[in-house]
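heads up, no residue letters with this:
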Ligand SMILES: NC(=O)C1=CN([C@@H]2O[C@H](COP(=O)(O)OP(=O)(O)OC[C@H]3O[C@@H](n4cnc5c(N)ncnc54)[C@H](OP(=O)(O)O)[C@@H]3O)[C@@H](O)[C@H]2O)C=CC1
Ligand SMILES: [Cu+2]
(Lines give C-alpha, C1' and ligand atoms only; values in the text may rest on other atoms or scores of the structure.)
(Ligands and ions follow the chains in the order given, each with its own letter.)
Protein backbone atom coordinates (compact mmCIF):
# COMPACT_ATOMS: atom_id res chain seq x y z
CA UNK A 1 0.00 0.00 0.00
CA UNK A 2 2.61 2.52 -1.06
CA UNK A 3 0.70 4.35 -3.76
CA UNK A 4 -0.05 7.97 -3.01
CA UNK A 5 -3.55 9.22 -3.38
CA UNK A 6 -3.70 12.60 -5.07
CA UNK A 7 -6.94 12.10 -6.96
CA UNK A 8 -10.28 13.45 -5.96
CA UNK A 9 -11.84 10.09 -6.80
CA UNK A 10 -11.40 6.63 -5.33
CA UNK A 11 -8.43 4.84 -6.75
CA UNK A 12 -9.09 1.32 -7.77
CA UNK A 13 -6.66 -1.04 -6.19
CA UNK A 14 -4.47 -3.42 -8.10
CA UNK A 15 -6.39 -6.63 -8.30
CA UNK A 16 -3.38 -8.44 -6.88
CA UNK A 17 -3.34 -6.14 -3.88
CA UNK A 18 -5.86 -6.86 -1.19
CA UNK A 19 -7.68 -3.85 0.18
CA UNK A 20 -6.39 -3.03 3.64
CA UNK A 21 -9.13 -2.45 6.17
CA UNK A 22 -8.85 0.42 8.59
CA UNK A 23 -11.25 0.95 11.43
CA UNK A 24 -12.32 4.43 12.52
CA UNK A 25 -13.85 4.87 15.97
CA UNK A 26 -16.31 7.77 16.04
CA UNK A 27 -18.40 9.19 13.22
CA UNK A 28 -17.72 12.82 14.13
CA UNK A 29 -16.07 15.46 11.95
CA UNK A 30 -12.53 14.10 11.90
CA UNK A 31 -13.61 10.45 11.82
CA UNK A 32 -15.75 11.09 8.75
CA UNK A 33 -13.11 13.17 6.95
CA UNK A 34 -10.37 10.63 7.55
CA UNK A 35 -12.74 7.85 6.55
CA UNK A 36 -13.59 9.65 3.30
CA UNK A 37 -9.97 10.30 2.46
CA UNK A 38 -8.91 6.73 3.19
CA UNK A 39 -11.84 5.39 1.20
CA UNK A 40 -10.78 7.60 -1.76
CA UNK A 41 -7.28 6.26 -1.45
CA UNK A 42 -8.38 2.67 -1.70
CA UNK A 43 -8.70 1.56 1.88
CA UNK A 44 -11.70 -0.36 3.04
CA UNK A 45 -13.13 1.65 5.94
CA UNK A 46 -15.16 0.34 8.86
CA UNK A 47 -16.65 2.83 11.32
CA UNK A 48 -17.30 2.08 14.96
CA UNK A 49 -20.19 4.04 16.42
CA UNK A 50 -22.55 4.21 19.38
CA UNK A 51 -25.48 4.31 16.96
CA UNK A 52 -24.38 2.21 14.00
CA UNK A 53 -26.66 3.32 11.20
CA UNK A 54 -25.43 4.34 7.79
CA UNK A 55 -25.84 8.06 7.23
CA UNK A 56 -25.47 10.03 4.01
CA UNK A 57 -22.58 11.90 5.64
CA UNK A 58 -20.44 8.76 5.67
CA UNK A 59 -18.61 7.53 2.57
CA UNK A 60 -20.80 5.14 0.62
CA UNK A 61 -19.29 1.71 0.73
CA UNK A 62 -18.04 2.12 4.26
CA UNK A 63 -19.43 -0.15 6.96
CA UNK A 64 -20.80 1.18 10.24
CA UNK A 65 -20.83 -1.23 13.15
CA UNK A 66 -20.85 -1.10 16.90
CA UNK A 67 -17.48 -0.29 18.47
CA UNK A 68 -16.71 -3.87 19.46
CA UNK A 69 -17.80 -5.33 16.09
CA UNK A 70 -15.84 -2.74 14.15
CA UNK A 71 -12.70 -3.35 16.21
CA UNK A 72 -12.69 -6.99 15.14
CA UNK A 73 -12.50 -6.03 11.47
CA UNK A 74 -9.07 -4.42 11.51
CA UNK A 75 -5.87 -4.30 13.50
CA UNK A 76 -5.47 -0.57 12.93
CA UNK A 77 -8.01 1.61 14.69
CA UNK A 78 -8.14 5.36 14.38
CA UNK A 79 -9.64 6.68 17.59
CA UNK A 80 -11.48 9.84 16.46
CA UNK A 81 -13.06 10.46 19.82
CA UNK A 82 -12.44 13.19 22.40
CA UNK A 83 -10.21 12.23 25.31
CA UNK A 84 -13.03 12.73 27.83
CA UNK A 85 -14.84 9.72 26.33
CA UNK A 86 -11.88 7.33 26.21
CA UNK A 87 -12.99 5.56 29.40
CA UNK A 88 -15.63 3.51 27.55
CA UNK A 89 -12.82 1.88 25.54
CA UNK A 90 -11.80 -0.07 28.65
CA UNK A 91 -14.91 -2.21 28.05
CA UNK A 92 -13.25 -3.29 24.80
CA UNK A 93 -9.90 -4.23 26.39
CA UNK A 94 -10.14 -7.81 25.19
CA UNK A 95 -10.99 -7.13 21.59
CA UNK A 96 -8.43 -4.30 21.34
CA UNK A 97 -5.53 -6.40 22.65
CA UNK A 98 -2.51 -6.28 20.35
CA UNK A 99 -4.10 -3.71 18.00
CA UNK A 100 -2.66 -0.43 16.80
CA UNK A 101 -4.62 2.52 18.18
CA UNK A 102 -4.07 5.85 16.45
CA UNK A 103 -4.68 8.75 18.82
CA UNK A 104 -5.70 11.88 16.86
CA UNK A 105 -6.96 13.96 19.75
CA UNK A 106 -6.24 17.53 20.72
CA UNK A 107 -6.88 19.52 23.87
CA UNK A 108 -8.41 22.91 24.44
CA UNK A 109 -5.51 24.29 26.46
CA UNK A 110 -1.74 23.78 26.50
CA UNK A 111 -0.76 21.17 29.14
CA UNK A 112 -4.44 20.64 30.04
CA UNK A 113 -3.72 17.22 31.56
CA UNK A 114 -0.63 15.95 33.40
CA UNK A 115 0.01 13.32 30.71
CA UNK A 116 -0.59 13.48 26.96
CA UNK A 117 -3.83 12.04 25.58
CA UNK A 118 -1.90 9.33 23.74
CA UNK A 119 -0.07 8.26 26.91
CA UNK A 120 -3.39 8.27 28.77
CA UNK A 121 -4.87 6.00 26.10
CA UNK A 122 -1.86 3.67 26.36
CA UNK A 123 -2.33 3.54 30.16
CA UNK A 124 -6.05 2.75 29.78
CA UNK A 125 -5.35 -0.07 27.33
CA UNK A 126 -1.95 -1.54 28.20
CA UNK A 127 -2.15 -4.38 25.65
CA UNK A 128 -2.34 -2.05 22.64
CA UNK A 129 0.24 -0.17 20.52
CA UNK A 130 -0.68 3.51 20.66
CA UNK A 131 0.56 5.81 17.90
CA UNK A 132 -0.03 9.56 17.89
CA UNK A 133 -0.84 11.06 14.47
CA UNK A 134 -3.13 13.36 12.46
CA UNK A 135 -3.83 15.82 15.31
CA UNK A 136 -2.36 18.77 13.38
CA UNK A 137 -4.63 18.15 10.38
CA UNK A 138 -8.07 19.74 10.38
CA UNK A 139 -11.15 17.80 9.35
CA UNK A 140 -12.23 20.64 7.09
CA UNK A 141 -8.88 20.93 5.30
CA UNK A 142 -8.75 17.17 4.83
CA UNK A 143 -12.07 17.19 3.05
CA UNK A 144 -11.71 20.40 1.07
CA UNK A 145 -8.17 19.56 0.01
CA UNK A 146 -6.90 22.91 1.36
CA UNK A 147 -3.82 21.35 2.90
CA UNK A 148 -1.13 23.32 1.11
CA UNK A 149 0.77 24.55 4.12
CA UNK A 150 -0.07 21.76 6.51
CA UNK A 151 0.70 18.46 4.85
CA UNK A 152 2.98 17.48 7.69
CA UNK A 153 1.70 14.83 10.06
CA UNK A 154 3.71 14.38 13.25
CA UNK A 155 3.84 10.75 14.26
CA UNK A 156 5.18 9.20 17.46
CA UNK A 157 4.85 5.87 19.22
CA UNK A 158 6.78 3.25 21.16
CA UNK A 159 6.28 0.36 18.73
CA UNK A 160 8.27 0.98 15.55
CA UNK A 161 6.31 -1.49 13.41
CA UNK A 162 3.02 0.08 14.44
CA UNK A 163 4.46 3.52 13.73
CA UNK A 164 5.63 2.41 10.27
CA UNK A 165 2.16 1.14 9.38
CA UNK A 166 0.56 4.42 10.42
CA UNK A 167 3.20 6.34 8.48
CA UNK A 168 2.36 4.27 5.40
CA UNK A 169 -1.28 5.31 5.70
CA UNK A 170 -0.22 8.95 6.11
CA UNK A 171 1.89 8.70 2.93
CA UNK A 172 -0.87 7.01 0.99
CA UNK A 173 -3.20 9.89 1.86
CA UNK A 174 -0.70 12.22 0.16
CA UNK A 175 0.55 13.68 3.44
CA UNK A 176 4.07 13.84 4.85
CA UNK A 177 4.77 11.85 8.02
CA UNK A 178 7.39 13.24 10.38
CA UNK A 179 8.67 10.69 12.88
CA UNK A 180 8.98 12.41 16.27
CA UNK A 181 10.18 9.39 18.23
CA UNK A 182 8.59 7.66 21.19
CA UNK A 183 5.19 8.32 22.75
CA UNK A 184 6.71 10.81 25.20
CA UNK A 185 6.81 13.26 22.25
CA UNK A 186 2.99 13.17 22.15
CA UNK A 187 2.70 15.98 24.69
CA UNK A 188 4.64 18.35 22.48
CA UNK A 189 2.76 17.24 19.36
CA UNK A 190 -0.53 17.87 21.16
CA UNK A 191 0.61 21.37 22.07
CA UNK A 192 1.48 22.33 18.43
CA UNK A 193 -2.02 23.18 17.24
CA UNK A 194 -2.57 25.30 20.36
CA UNK A 195 0.46 27.52 19.86
CA UNK A 196 -0.45 30.58 17.85
CA UNK A 197 2.27 31.53 15.38
CA UNK A 198 5.14 30.80 17.80
CA UNK A 199 7.80 32.05 15.37
CA UNK A 200 5.85 35.17 14.45
CA UNK A 201 5.28 36.43 17.96
CA UNK A 202 8.67 38.07 18.51
CA UNK A 203 8.82 39.76 15.06
CA UNK A 204 5.26 41.07 15.38
CA UNK A 205 5.67 42.41 18.92
CA UNK A 206 8.99 43.97 18.03
CA UNK A 207 7.66 45.67 14.91
CA UNK A 208 4.60 46.92 16.81
CA UNK A 209 6.85 48.39 19.52
CA UNK A 210 9.11 50.00 16.91
CA UNK A 211 6.12 51.43 15.01
CA UNK A 212 4.68 53.00 18.16
CA UNK A 213 8.04 54.45 19.17
CA UNK A 214 8.87 55.94 15.75
CA UNK A 215 5.31 57.22 15.33
CA UNK A 216 5.35 59.20 18.59
CA UNK A 217 8.88 60.36 17.90
CA UNK A 218 7.71 61.81 14.56
CA UNK A 219 4.60 63.32 16.17
CA UNK A 220 6.85 65.24 18.57
CA UNK A 221 9.08 66.50 15.74
CA UNK A 222 6.52 67.13 13.00
CA UNK A 223 3.29 68.02 14.80
CA UNK A 224 3.99 69.20 18.35
CA UNK A 225 7.15 71.18 17.55
CA UNK A 226 5.56 73.33 14.75
CA UNK A 227 2.56 73.94 17.01
CA UNK A 228 4.66 75.07 19.95
CA UNK A 229 6.94 77.34 17.88
CA UNK A 230 4.68 78.63 15.12
CA UNK A 231 1.14 77.79 16.30
CA UNK A 232 0.89 75.81 13.05
CA UNK A 233 -1.65 73.00 12.75
CA UNK A 234 0.22 70.17 11.07
CA UNK A 235 -2.00 67.36 12.33
CA UNK A 236 -2.80 66.29 8.74
CA UNK A 237 0.68 64.76 8.71
CA UNK A 238 -0.64 61.97 10.93
CA UNK A 239 -2.28 60.32 7.91
CA UNK A 240 0.48 59.99 5.32
CA UNK A 241 3.67 61.93 6.06
CA UNK A 242 4.33 60.36 9.45
CA UNK A 243 3.37 56.77 8.49
CA UNK A 244 5.65 57.18 5.50
CA UNK A 245 8.50 57.88 7.91
CA UNK A 246 7.50 55.10 10.30
CA UNK A 247 7.25 52.32 7.67
CA UNK A 248 10.66 52.76 5.99
CA UNK A 249 12.36 53.26 9.36
CA UNK A 250 10.83 50.09 10.80
CA UNK A 251 11.53 48.14 7.59
CA UNK A 252 15.21 49.14 7.61
CA UNK A 253 15.67 48.40 11.32
CA UNK A 254 13.97 45.00 10.98
CA UNK A 255 16.03 44.11 7.91
CA UNK A 256 19.19 44.90 9.88
CA UNK A 257 17.87 42.80 12.77
CA UNK A 258 17.61 39.83 10.38
CA UNK A 259 21.40 39.91 9.91
CA UNK A 260 22.44 41.13 13.36
CA UNK A 261 22.17 37.73 15.14
CA UNK A 262 24.47 36.16 12.52
CA UNK A 263 27.10 38.81 13.22
CA UNK A 264 26.65 38.45 17.00
CA UNK A 265 27.04 34.67 16.66
CA UNK A 266 30.27 35.16 14.68
CA UNK A 267 31.64 37.52 17.36
CA UNK A 268 30.69 35.03 20.07
CA UNK A 269 32.42 32.20 18.22
CA UNK A 270 35.55 34.30 17.73
CA UNK A 271 35.54 35.30 21.40
CA UNK A 272 35.03 31.75 22.65
CA UNK A 273 37.37 30.28 20.06
CA UNK A 274 35.04 27.36 19.44
CA UNK A 275 31.80 26.57 17.68
CA UNK A 276 30.95 23.74 20.05
CA UNK A 277 29.33 25.84 22.73
CA UNK A 278 25.68 26.65 22.60
CA UNK A 279 24.50 30.17 21.91
CA UNK A 280 22.38 31.77 24.61
CA UNK A 281 18.69 30.87 24.29
CA UNK A 282 17.66 34.40 23.22
CA UNK A 283 20.17 34.33 20.35
CA UNK A 284 18.98 30.87 19.27
CA UNK A 285 15.38 32.04 19.24
CA UNK A 286 16.30 35.23 17.39
CA UNK A 287 18.14 33.20 14.73
CA UNK A 288 15.13 30.92 14.31
CA UNK A 289 12.72 33.76 13.56
CA UNK A 290 14.91 35.63 11.07
CA UNK A 291 12.70 34.61 8.17
CA UNK A 292 9.61 35.99 9.88
CA UNK A 293 11.47 39.20 10.77
CA UNK A 294 12.45 39.56 7.12
CA UNK A 295 8.92 39.02 5.86
CA UNK A 296 7.50 41.59 8.31
CA UNK A 297 10.21 44.02 7.15
CA UNK A 298 9.21 43.35 3.54
CA UNK A 299 5.60 44.15 4.44
CA UNK A 300 6.64 47.54 5.83
CA UNK A 301 8.85 48.23 2.80
CA UNK A 302 5.86 47.49 0.58
CA UNK A 303 3.71 49.97 2.54
CA UNK A 304 6.47 52.57 2.15
CA UNK A 305 6.38 52.05 -1.64
CA UNK A 306 2.59 52.49 -1.75
CA UNK A 307 2.66 55.59 0.46
CA UNK A 308 5.42 57.08 -1.67
CA UNK A 309 3.54 56.49 -4.92
CA UNK A 310 0.58 58.58 -3.74
CA UNK A 311 2.69 61.63 -2.88
CA UNK A 312 2.03 63.48 -6.20
CA UNK A 313 -1.76 63.30 -5.77
CA UNK A 314 -1.76 64.67 -2.23
CA UNK A 315 -3.52 68.00 -1.80
CA UNK A 316 -0.74 69.36 0.40
CA UNK A 317 1.93 68.56 -2.19
CA UNK A 318 -0.07 69.97 -5.10
CA UNK A 319 -0.84 73.12 -3.08
CA UNK A 320 2.80 73.65 -2.17
CA UNK A 321 3.91 73.22 -5.79
CA UNK A 322 1.28 75.62 -7.12
CA UNK A 323 2.13 78.16 -4.45
CA UNK A 324 5.83 77.99 -5.22
CA UNK A 325 5.19 78.47 -8.95
CA UNK A 326 2.90 81.43 -8.28
CA UNK A 327 5.39 83.06 -5.92
CA UNK A 328 8.12 82.64 -8.48
CA UNK A 329 5.90 84.11 -11.21
CA UNK A 330 4.92 87.08 -9.07
CA UNK A 331 8.42 87.89 -7.92
CA UNK A 332 9.68 87.12 -11.42
CA UNK A 333 12.40 84.88 -10.08
CA UNK A 334 13.02 81.24 -10.80
CA UNK A 335 15.19 78.90 -8.81
CA UNK A 336 18.20 77.72 -10.81
CA UNK A 337 18.41 74.08 -11.78
CA UNK A 338 20.67 72.21 -9.36
CA UNK A 339 22.44 69.26 -10.93
CA UNK A 340 23.61 67.99 -7.55
CA UNK A 341 20.05 67.99 -6.18
CA UNK A 342 18.84 66.21 -9.32
CA UNK A 343 21.56 63.62 -8.87
CA UNK A 344 20.79 63.14 -5.22
CA UNK A 345 17.08 62.79 -5.78
CA UNK A 346 17.47 60.38 -8.70
CA UNK A 347 20.08 58.30 -6.86
CA UNK A 348 18.05 57.75 -3.74
CA UNK A 349 14.99 56.81 -5.75
CA UNK A 350 17.07 54.40 -7.87
CA UNK A 351 18.68 52.87 -4.76
CA UNK A 352 15.23 52.50 -3.21
CA UNK A 353 13.81 50.77 -6.30
CA UNK A 354 16.75 48.35 -6.56
CA UNK A 355 16.73 47.71 -2.82
CA UNK A 356 13.01 46.97 -2.89
CA UNK A 357 13.39 44.70 -5.92
CA UNK A 358 16.06 42.61 -4.17
CA UNK A 359 14.00 42.66 -0.99
CA UNK A 360 11.03 41.14 -2.87
CA UNK A 361 13.36 38.57 -4.44
CA UNK A 362 14.60 37.63 -0.96
CA UNK A 363 11.03 37.27 0.26
CA UNK A 364 10.06 35.06 -2.69
CA UNK A 365 13.08 32.79 -2.28
CA UNK A 366 12.27 32.27 1.40
CA UNK A 367 8.87 30.73 0.55
CA UNK A 368 8.99 26.95 1.01
CA UNK A 369 7.67 26.26 -2.50
CA UNK A 370 10.64 28.18 -3.96
CA UNK A 371 13.34 27.32 -1.43
CA UNK A 372 12.59 23.62 -1.92
CA UNK A 373 13.67 23.91 -5.54
CA UNK A 374 17.16 25.25 -4.79
CA UNK A 375 19.92 23.41 -3.01
CA UNK A 376 21.38 24.41 0.32
CA UNK A 377 24.33 26.35 -1.15
CA UNK A 378 22.11 28.27 -3.53
CA UNK A 379 19.71 29.10 -0.71
CA UNK A 380 22.53 30.36 1.50
CA UNK A 381 23.96 32.39 -1.34
CA UNK A 382 20.64 34.09 -2.00
CA UNK A 383 19.74 34.67 1.64
CA UNK A 384 23.16 35.84 2.75
CA UNK A 385 24.85 37.58 -0.20
CA UNK A 386 21.66 38.95 -1.71
CA UNK A 387 20.45 39.83 1.78
CA UNK A 388 23.50 41.94 2.54
CA UNK A 389 23.29 43.60 -0.88
CA UNK A 390 19.66 44.48 -0.13
CA UNK A 391 20.65 45.89 3.24
CA UNK A 392 23.47 47.94 1.66
CA UNK A 393 21.16 49.35 -1.01
CA UNK A 394 18.39 50.20 1.47
CA UNK A 395 20.87 51.79 3.89
CA UNK A 396 22.38 53.78 1.02
CA UNK A 397 18.85 54.83 0.00
CA UNK A 398 18.27 56.31 3.47
CA UNK A 399 21.75 57.86 3.62
CA UNK A 400 21.41 59.59 0.25
CA UNK A 401 17.87 60.68 1.13
CA UNK A 402 19.23 62.35 4.23
CA UNK A 403 22.11 63.85 2.22
CA UNK A 404 23.47 67.09 3.59
CA UNK A 405 20.43 67.48 5.80
CA UNK A 406 22.19 65.32 8.35
CA UNK A 407 24.50 68.22 9.08
CA UNK A 408 22.00 71.05 9.01
CA UNK A 409 21.04 72.21 12.53
CA UNK A 410 17.46 72.94 11.34
CA UNK A 411 16.90 69.17 11.01
CA UNK A 412 17.46 68.73 14.72
CA UNK A 413 14.25 69.88 16.36
CA UNK A 414 14.64 69.94 20.13
CA UNK A 415 17.96 68.21 19.49
CA UNK A 416 16.04 65.27 18.05
CA UNK A 417 17.49 63.95 14.78
CA UNK A 418 15.09 63.00 11.94
CA UNK A 419 13.58 59.49 12.22
CA UNK A 420 15.62 58.09 9.33
CA UNK A 421 18.84 59.06 11.14
CA UNK A 422 17.72 56.95 14.10
CA UNK A 423 16.76 54.14 11.72
CA UNK A 424 20.27 54.19 10.25
CA UNK A 425 22.07 53.50 13.55
CA UNK A 426 21.60 49.70 13.63
CA UNK A 427 22.10 49.04 9.86
CA UNK A 428 25.27 51.20 9.71
CA UNK A 429 26.74 49.62 12.86
CA UNK A 430 25.93 46.16 11.52
CA UNK A 431 27.52 46.86 8.13
CA UNK A 432 30.69 48.24 9.77
CA UNK A 433 31.02 45.11 11.95
CA UNK A 434 30.33 42.88 8.94
CA UNK A 435 33.08 44.62 6.96
CA UNK A 436 35.48 44.08 9.86
CA UNK A 437 34.50 40.40 10.01
CA UNK A 438 35.30 39.87 6.33
CA UNK A 439 38.82 41.29 6.68
CA UNK A 440 40.89 38.28 5.52
CA UNK A 441 42.70 37.52 8.81
CA UNK A 442 39.50 37.64 10.88
CA UNK A 443 37.54 35.77 8.22
CA UNK A 444 40.19 33.04 8.18
CA UNK A 445 40.01 32.57 11.96
CA UNK A 446 36.23 32.39 11.83
CA UNK A 447 36.24 29.89 8.98
CA UNK A 448 38.66 27.66 10.93
CA UNK A 449 36.45 27.77 14.00
CA UNK A 450 33.43 26.90 11.86
CA UNK A 451 35.30 23.94 10.44
CA UNK A 452 35.78 22.55 13.94
CA UNK A 453 39.06 24.08 15.10
CA UNK A 454 39.25 25.10 18.78
CA UNK A 455 41.53 27.71 20.30
CA UNK A 456 42.21 25.98 23.59
CA UNK A 457 41.91 22.28 24.18
CA UNK A 458 42.14 22.58 27.93
CA UNK A 459 40.18 20.07 29.95
CA UNK A 460 37.87 22.86 31.07
CA UNK A 461 36.70 23.60 27.55
CA UNK A 462 36.30 19.92 26.79
CA UNK A 463 34.16 19.60 29.88
CA UNK A 464 32.10 22.61 28.84
CA UNK A 465 31.60 21.11 25.43
CA UNK A 466 30.26 17.92 26.86
CA UNK A 467 27.75 19.63 29.12
CA UNK A 468 26.71 22.12 26.44
CA UNK A 469 26.06 19.54 23.78
N1 LIG B 1 -12.35 18.17 13.97
C2 LIG B 1 -11.08 18.39 13.67
O3 LIG B 1 -10.79 19.13 12.72
C4 LIG B 1 -10.01 17.71 14.44
C5 LIG B 1 -10.28 16.84 15.49
N6 LIG B 1 -9.26 16.22 16.16
C7 LIG B 1 -9.55 15.26 17.25
O8 LIG B 1 -10.34 14.22 16.76
C9 LIG B 1 -11.19 13.75 17.76
C10 LIG B 1 -12.61 13.78 17.24
O11 LIG B 1 -12.92 15.13 16.91
P12 LIG B 1 -14.23 15.54 16.11
O13 LIG B 1 -14.46 14.53 15.06
O14 LIG B 1 -14.11 16.93 15.74
O15 LIG B 1 -15.34 15.41 17.26
P16 LIG B 1 -16.87 15.12 17.12
O17 LIG B 1 -17.50 15.60 18.37
O18 LIG B 1 -17.37 15.62 15.82
O19 LIG B 1 -16.92 13.53 17.09
C20 LIG B 1 -16.55 12.77 18.17
C21 LIG B 1 -17.17 11.41 18.01
O22 LIG B 1 -16.83 10.61 19.13
C23 LIG B 1 -17.78 9.59 19.27
N24 LIG B 1 -18.07 9.34 20.68
C25 LIG B 1 -17.81 8.20 21.36
N26 LIG B 1 -18.19 8.27 22.61
C27 LIG B 1 -18.77 9.44 22.80
C28 LIG B 1 -19.40 10.08 23.89
N29 LIG B 1 -19.50 9.49 25.07
N30 LIG B 1 -19.89 11.32 23.69
C31 LIG B 1 -19.77 11.94 22.50
N32 LIG B 1 -19.19 11.37 21.42
C33 LIG B 1 -18.68 10.14 21.56
C34 LIG B 1 -19.01 10.04 18.51
O35 LIG B 1 -19.19 9.15 17.43
P36 LIG B 1 -20.45 8.19 17.38
O37 LIG B 1 -21.64 9.04 17.60
O38 LIG B 1 -20.37 7.56 16.04
O39 LIG B 1 -20.27 7.19 18.51
C40 LIG B 1 -18.65 11.42 17.98
O41 LIG B 1 -19.15 11.63 16.71
C42 LIG B 1 -10.98 14.65 18.97
O43 LIG B 1 -10.14 14.02 19.89
C44 LIG B 1 -10.32 15.87 18.40
O45 LIG B 1 -9.45 16.48 19.34
C46 LIG B 1 -7.97 16.41 15.79
C47 LIG B 1 -7.64 17.23 14.76
C48 LIG B 1 -8.63 17.98 14.02
CU1 LIG C 1 12.44 55.26 0.89
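It's in. None of the values given here were measured: they were computed from a predicted structure. Ligands and ions are numbered 1, 2, ... in the order given.

could you say what helices and strands whichever strand or helix holds residue 64 packs with?
When elements are assigned from DSSP states H and E, residue 64 belongs to strand 63-66. In terms of contacts (3 or more C-beta pairs under 8 Å, 6 or more residues apart in numbering; DSSP states H and E), strand 63-66 is packed against strand 44-49, helix 67-73. Backbone N, C-alpha and C define where each C-beta goes, glycine included.

for it, which strands pair with it and how are they oriented?
strand 44-49 (parallel) (DSSP bridges).

so for the strand it pairs with, what's the average pLDDT?
Taken as a whole, strand 44-49 carries a mean pLDDT of 94.

how far away from the center of its chain is that strand?
The gap between the average C-alpha position of strand 44-49 and the chain average comes to 38 Å, counting by C-alpha atoms, centre = their mean, to the nearest Å.

quick one: closest of the helices and strands packed on strand 63-66 to ligand 1.
Evaluated over the helices and strands packed on strand 63-66, closeness to ligand 1 peaks at strand 44-49, with 3.1 Å, by C-beta to the nearest ligand atom.

help me confirm that residue 136 is found in a helix?
No - counting by DSSP: H, G, I helix; E, B strand; the rest coil, residue 136 falls outside a helix, being coil.

roughly how far does it sit from residue 151?
Between residue 136 and residue 151 the distance is 10 Å, computed by C-beta to C-beta, to the nearest Å.

next one: residue 270
Plainly put, residue 270 is 41 Å away from residue 151 if you go by C-beta to C-beta.

name the SS class of whatever residue of the stretch 151-300 of the chain ends up closest to ligand 2, please.
Closest contact between the stretch 151-300 of the chain and ligand 2, by C-beta to the ion, is at residue 248 (4.6 Å). Remark: residue 248 carries the secondary structure label helix [criterion: three-state DSSP].

and the closest residue to it other than its chain neighbours, which helix or strand is it part of?
Leaving out its chain neighbours, the residue that sits closest to residue 248 by C-beta to C-beta, 6 or more residues apart in numbering is residue 304, at 4.3 Å. With the criterion set as DSSP H and E, the secondary-structure element containing residue 304 is helix 290-309.

same check on residue 187?
The secondary structure element spanning residue 187 is helix 186-191 (assigned by DSSP H and E).

what's that helix packed up against?
With contacts taken as 3+ C-beta pairs under 8 Å, 6+ apart, helix 186-191 sits against helix 117-124, strand 129-132, strand 152-157.

show me the shaky parts of the stretch 351-469 of the chain.
Within the stretch 351-469 of the chain, the set of residues satisfying pLDDT under 70 comprises 404, 406-407, 457-469.

closest point of it to ligand 2, which residue?
Closest point on the stretch 351-469 of the chain to ligand 2, by C-beta to the ion, is residue 352, at 4.5 Å.

where in the chain is pLDDT low?
Counting by pLDDT under 70, the low-confidence segments of the chain come to 1-18, 146-150, 196-197, 404, 406-407, 457-469.
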